[in-house]
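>>> sequence and predicted structure below; questions after.
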Amino acid sequence: MRFAPATPLTRVIPGSSRVCPVRRQMSPKGLCIVRAASPSGTKFDVSRLPGDMARESWEACTALVEERTGGETSREEASGHLSRAFGWSGQSYWREKQVEVVPTEEHLRSVLDFLVGPNDLDLEPHDLASLFNKFPQVLGCDVDGCLRANMKIMEETWGIKGHALKNTVRRNPSFLGFVVDCAADGGCIGECNRCWVRF
């Protein structure tokens, strides 16, 4: 009897013709976890960075993301997330507002501390890995001007707080990066990826 050669598992990304490989890994409890590799986790060419200091900063930031996600995000995936978060690949979210910015450890620590800190989110490492797969741009968002402000909107306008807010972030983290509200402002400005209308 002959068997067909083994092919890697893949999944189709909804709404596109792209296919992502599926990663298998063991959880700390010994259970097999099958999860799709992130489309944002594509390999980033660090030689595009301007100089050794920029490369050192990039490497330190990828190591920090890997560490804070408990190893659930590889350095290669972290590099892909950073490339989307700081405008090195794709501008569908940033709309030329952030183009090829070199991340700093200080900024990244402030974002990560906010996401896991003593607030309503209190995210675990596996939550962070999932969040970065869904919305890597969160790593490039300003903590006070965007993340904290959007948490306040969720609590005061929508009445979502505590565990419900944490679950909302798990399901739809993109609201953390909303900076436009066309419904309140009275007209569409064409920045749907950054607009509260999506919520």
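Perfect, I can see it now.

>>> could I get the full set of strands for the protein?
Secondary structure of the chain (DSSP state E): strands located at 10-12, 19-26, 32-36.

>>> so which residue is dead centre in this protein?
residue 136 (2.1 Å; Cα atoms, centre = their mean).

>>> how far away is that one from residue 150?
For residue 136, the distance to residue 150 (Cβ to Cβ, to the nearest Å) stands at 17 Å. Heads up, the C-betas are built off the backbone N, CA and C, glycines and all.

>>> ok, residue 133 to residue 170 distance?
12 Å.

>>> one more: residue 192?
22 Å.

>>> neighbour count winner among those two?
Counted by other Cβ atoms under 10 Å, residue 192 and residue 170 do not tie: residue 170 has more neighbours, with 15 against 12.

>>> give me the nearest residue to the more buried one, chain neighbours excluded.
Nearest non-adjacent residue to residue 170, counting by Cβ to Cβ, 6 or more residues apart in numbering: residue 127, 6.1 Å away.

>>> list the contacts of the one you found.
Contacts for residue 127 (Cβ atoms under 8 Å, 6 or more residues apart in numbering) come out as 166, 169, 170.

>>> pick the one among the residues you listed closest to residue 92.
Of all these, residue 92 sits closest to residue 169, with 20.6 Å by Cβ to Cβ.

>>> what's the longest helix along the chain packed up against?
Ranked by residue count, the top helix of the chain under DSSP state H comes out as helix 52-68. Other elements packing on helix 52-68 under the criterion 3 or more Cβ pairs under 8 Å, 6 or more residues apart in numbering; DSSP states H and E are helix 75-85, helix 105-116, helix 125-134.

>>> can you give the contact residues for that helix?
Residues from elsewhere that reach helix 52-68 (Cβ under 8 Å, 6+ apart): 46, 49, 73-75, 78-79, 81-82, 102-105, 108-109, 112, 116, 125, 128, 132, 139.

>>> do the same with stretch 105-112
With Cβ under 8 Å, 6+ apart as the test, stretch 105-112 has contacts from 57, 60, 61, 64, 65, 68, 128, 138, 139, 141, 143, 147.

>>> give me the buried subset of these.
For the contacts of stretch 105-112, a neighbour count by 16 or more other Cβ atoms under 10 Å gives the buried set as 57, 61, 64, 65, 68, 128, 138, 139, 141, 143, 147.

>>> quick revisit: was I right to think the residue nearest to the centre of the chain contacts residue 85?
Yes. Here residue 136 reaches residue 85: they are 5.1 Å apart, a contact under Cβ atoms under 8 Å.

>>> what about the chain, any weak spots by pLDDT?
1-42, 120 (pLDDT under 70).

>>> look up how far residue 113 lies from residue 197.
30 Å.

>>> so who does the residue nearest to residue 153 when sequence neighbours are not counted touch?
Setting aside the residues directly before and after it, residue 153 is nearest to residue 196 in space (Cβ to Cβ, 6+ apart), at 7.7 Å. Contact analysis of residue 196 by Cβ under 8 Å, 6+ apart lists 153, 175, 178, 180, 181, 182, 183, 184.
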